[in-house]
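Enquirer: Let's see this in three dimensions:
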Amino acid sequence: MFVCLLCSSSMSQASDELLQWIKQMPAAYAGVKDYTAIFTRGEVLRGKQRPEETIALKFREPLQVYMKWLSESGKDREAIFVKGRDGDKVLVHEPGWISGHFTVLLPPDGPTIMGRSRHPFDDIGIGRIIELITSTFNHAQRAAVFFRAAEIAHLQIAGLVRFFEGRSNQFDDATDADFVEGMA
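Expert: Predicted coordinates:
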């Protein structure tokens, strides 16, 4: 029992620290104007595991994205997106003997891009990840409050049911005359 109390206490402390960290994330990111990163993604799309991709990313606020594929899957593919430019379309350059001579404009949520990803091209960046984390956390907190209120209501209703169940046994054993006499 002592170990469980320690575990519960440290978990509570960890939860409090996580809460503080999540609340600080948007302010910490607010000063970031641009960054570069190399990331690896592996997605399951329509029930099938896609090949793992390693991608170099350059990001600038407001939404300006350059990506270059480094892994064999899509090697040397390049994509550029600048919100408000080129009709809000992604410029994509595919490597290859013929395709290497062309750059195409694609909608960020069009079938070509969505055929390779679960997310539109413009749904990207650390800021977006922070938005998703804080939104998910806020929904979870509201749900936890709701479920705690529902749990309390359930316990209160269960208490009332037990109260009336105890009383109904008394009424079942009584006759109508006893009931009326008891009211007098």
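
Enquirer: use CA for all of it now, contacts and neighbours both
Expert: Noted.

Enquirer: who does the helix or strand encompassing Ala56 pair up with?
Expert: Secondary structure assigned from DSSP states H and E places Ala56 in strand 53-60. Strand 53-60 pairs in its sheet with strand 34-41 (antiparallel), strand 64-69 (antiparallel), by DSSP bridges.

Enquirer: Output the below-cut-off pLDDT ranges for the chain.
Expert: The model of the chain has pLDDT under 70 over residues 1-12, 14, 146-151, 153-154, 156-184.

Enquirer: Which parts of it are strands?
Expert: Along the chain, counting by DSSP state E, strands occupy 34-41, 44-45, 48-49, 53-60, 64-69, 78-82, 90-93, 103-106.

Enquirer: The strand holding Ala56 vs strand 78-82, what angle?
Expert: 30 degrees (axes from the mean of the first three to the mean of the last three Cα atoms, to 10 degrees).

Enquirer: I'd like the numbering to begin with 659 instead of 1 from here.
Expert: From this message on, residue numbering opens at 659, which makes the last subject strand 711-718.

Enquirer: Do I have it right that Arg708 meets Glu701?
Expert: Yes. Checked against Cα atoms under 8 Å, the pair Arg708 and Glu701 is within contact range at 5.6 Å.

Enquirer: and for those two, which residues touch both?
Expert: With Cα atoms under 8 Å, 6 or more residues apart in numbering applied, the contact sets of Arg708 and Glu701 do not overlap.

Enquirer: Next up, the contacts around the closest residue in space to Thr761 that isn't next to it in sequence.
Expert: Counting by Cα to Cα, 6 or more residues apart in numbering, His751 is the residue found nearest to Thr761 once chain neighbours are left out, at 4.6 Å. With contact taken as Cα under 8 Å, 6+ apart, His751 is in contact with Arg735, Glu736, Ala737, Ser757, Gly758, Phe760, Thr761, Val762.

Enquirer: among the residues you listed, which two are most distant?
Expert: The span of the contacts of His751, defined through Cα to Cα, is set by Ala737 and Ser757 at 13.7 Å.

Enquirer: and the two? which has more neighbours close in?
Expert: Set Ala737 next to Ser757 and count neighbours by other Cα atoms under 10 Å: Ala737 wins out with 21 against 11.

Enquirer: I'd assumed Pro753 was in contact with the more buried one.
Expert: No. Taking contacts as Cα under 8 Å, Ala737 lies outside contact range of Pro753: 11.4 Å.

Enquirer: Kind regards, and thank you for your time.
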